[in-house]
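*Asks:* no FASTA, just this:
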């Protein structure tokens, strides 16, 4: 496997992990198309990853690690299929297409083919035969580069529960013979909600990781935006696709200002706006304006991703935190609550109300919204409540709420922030 390897010092464990996370979804998508089976593709990718961990530290990371992993994984898949007595038509077709064995050659990978493979896998996983939650979970696991643990946290369920759901979803795709292809145009809208949810959850885990330190996983943010651009090219007239891409760009524009030099979280109103990425803001605003025009022309009104992008744009276009129009943001949350009601929207609306009308109004809104019951095991609800309690002078209750938030938070950066806030509030409550 020596051809194609890079030169220089051996890669660190962190560098290897970054390469695997960056390429795994693309390689897996190509493998599923090749063998037509999720389990065979997953095992082959795992075998190729083990081979890479054994080879790359001494030989260096290949110039094209994705091509290296694809070549090795395809060979591993072919070896497995040849050993199995029973094979389906897809697996036999994969064997018929298999190139002659050549351990010294790394196949070239067509970048456009990789993009097509990823879209195919995304729409395969988001087939309406699967429940929406299963669609999103399976695509996050197979294409998004998220572990089963991370997917489980996104859905607030136990890891074992999520593992069973993923297994059932894969088996249903196999049993139903769901084709591995981008569906015709008239079927795309049925699968779009799941696809958009997948891309946004990938971005969310990258923008505010539930497990890693530092808080931001840049490779996941970049992957989500890349997938968003693929969707925008596939469905250029769909406002929600443009809205999602705009939303991600408008958030990603703030990325470099979200952490201080120590890697600690910097809240939005304290960020240095000169560090925000103006080109991403400009592109995001242009996409948002186009999405609003298309939604209006279609008579549907803006959807949830367009509305969330509009909220992000209000923040990004303000010259300073003091100039943010919080009344406009409250109005946008009102619209969002009508088209996509839920506890997270209610929580965020309460924050906006507090900024527009005072902490007491925000706290009353939060307590009357019912969000606390739905988000009782989510640290952000308790952190928001703790902040509002502190701002109205209920320091002891605030300290208790911060302790609850700290017991639930899993991100090291967010835990450090909560510890600082708890220390401050607890000291004031004595």
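*Replies:* Here it is on my side, so go on. What you see is a predicted model, and the numbers here were worked out from it, not measured in a lab.
*Asks:* where does the stretch 151-300 of the chain dip in pLDDT?
*Replies:* 156, 181, 210-214 (pLDDT under 70).
*Asks:* all strands of it, in order?
*Replies:* Remark: no strands are assigned in the stretch 151-300 of the chain by DSSP state E, counting those that start in this stretch.
*Asks:* who are the neighbours in contact with the nearest residue to residue 300 once chain neighbours are set aside?
*Replies:* Taking Cβ to Cβ, 6 or more residues apart in numbering, and ignoring the residues beside it in sequence, residue 300 has residue 239 as its nearest neighbour in space, at 7.5 Å. Every residue, glycine included, has its C-beta placed from N, CA and C. Neighbour list for residue 239: 291, 292, 294, 295, 298, 300, 302, 303, 306 [criterion: Cβ atoms under 8 Å, 6 or more residues apart in numbering].
*Asks:* residues near the second one, how many?
*Replies:* Right, the one you point to is residue 292. Close neighbours of residue 292, defined as other Cβ atoms under 10 Å, add up to 20.
*Asks:* do you know how far it is from residue 286?
*Replies:* 11 Å (Cβ to Cβ, to the nearest Å).
*Asks:* which residues do these two both contact?
*Replies:* By Cβ under 8 Å, 6+ apart, no residue touches both residue 292 and residue 286.
*Asks:* re earlier: could you dump the contacts of residue 239 to a markdown table with distance to residue 139?
*Replies:* As requested, the contacts of residue 239 are exported to a markdown table (distance: Cβ to Cβ, whole Å):
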| residue | distance to residue 139 |
| --- | --- |
| 291 | 23 |
| 292 | 28 |
| 294 | 25 |
| 295 | 25 |
| 298 | 26 |
| 300 | 25 |
| 302 | 25 |
| 303 | 20 |
| 306 | 22 |
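*Asks:* Throw together a PyMOL command that grabs the buried residues out of those residues.
*Replies:* Only the buried entries of the contacts of residue 239 go into this PyMOL selection, using 16 or more other Cβ atoms under 10 Å:
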select buried, resi 291+292+294+295+302+303+306
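*Asks:* distance-wise, check residue 169 relative to residue 117.
*Replies:* Residue 169 is 19 Å from residue 117, by Cβ to Cβ.
*Asks:* now swap in residue 260 and tell me
*Replies:* 39 Å.
*Asks:* how near is the residue nearest the centre of the chain to residue 215?
*Replies:* Centroid-nearest residue in the chain: residue 202, 1.0 Å away (criterion: Cα atoms, centre = their mean). Computed with Cβ to Cβ, the distance linking residue 202 and residue 215 is 16 Å.
*Asks:* residue 161 now?
*Replies:* Distance from residue 161 to residue 215, by Cβ to Cβ: 26 Å.
*Asks:* look at residue 260 and residue 117 and report which has more neighbours.
*Replies:* residue 117 (25 against 12).
*Asks:* report how many residues lie close to residue 376.
*Replies:* 12.
*Asks:* an error on my part: the question was meant for residue 164.
*Replies:* Neighbourhood size, residue 164 [other Cβ under 10 Å]: 12.
*Asks:* residue numbering should commence at 24 henceforth.
*Replies:* All set: I'll call the first residue 24, so the last point we hit is now residue 187.
*Asks:* which stretches in the stretch 74-223 of the chain count as helices?
*Replies:* Using DSSP state H, counting those that start in this stretch, the helices of the stretch 74-223 of the chain run over residues 88-106, 112-120, 134-148, 155-165, 171-177, 182-199, 211-230.
*Asks:* format the ones you listed as a markdown table; extra columns: distance to residue 335.
*Replies:* What follows is these, written out as a markdown table (distance: least, Cβ to Cβ, whole Å):
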| stretch | distance to residue 335 |
| --- | --- |
| helix 88-106 | 32 |
| helix 112-120 | 42 |
| helix 134-148 | 24 |
| helix 155-165 | 22 |
| helix 171-177 | 20 |
| helix 182-199 | 29 |
| helix 211-230 | 11 |
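*Asks:* most tightly surrounded among the ones you listed?
*Replies:* Most buried of the helices of the stretch 74-223 of the chain, by mean neighbour count (mean count of other Cβ atoms under 10 Å): helix 155-165, with a mean of 24.
*Asks:* contacts for that one next, please.
*Replies:* Counting by Cβ under 8 Å, 6+ apart, 48, 51-52, 55, 61, 65, 144-145, 148-150, 153, 169-171, 173-174, 177-178, 185, 188-189, 191-193, 195, 214, 216-218, 220-221, 224-225 sit against helix 155-165.
*Asks:* before we move on, back to that, tell me which of the contacts of residue 262 is nearest to residue 272?
*Replies:* Of all the contacts of residue 262, residue 314 has the smallest distance to residue 272: 12.1 Å, by Cβ to Cβ.
*Asks:* could you give the mean pLDDT of the strand or helix carrying residue 361?
*Replies:* Assigned by DSSP states H and E, residue 361 falls within helix 349-362. Helix 349-362 shows an average pLDDT of 97 in the prediction.
*Asks:* how about stretch 56-69?
*Replies:* Here the average pLDDT along stretch 56-69 is 82.
*Asks:* now stretch 332-339
*Replies:* Here the average pLDDT along stretch 332-339 is 98.
*Asks:* relative to the whole chain's centre, how far out is it?
*Replies:* 19 Å (Cα atoms, centre = their mean, to the nearest Å).
*Asks:* now do it: everything it contacts.
*Replies:* 266-267, 269-270, 273-274, 276-277, 291, 299, 304, 307-308, 310-311, 314-315, 325, 347-348, 351-352, 355-356, 359.
*Asks:* now, which of those residues lie within helices?
*Replies:* Among the contacts of stretch 332-339, the members falling in helices (DSSP state H) are 266-267, 269-270, 273-274, 304, 307-308, 310-311, 314-315, 351-352, 355-356, 359.
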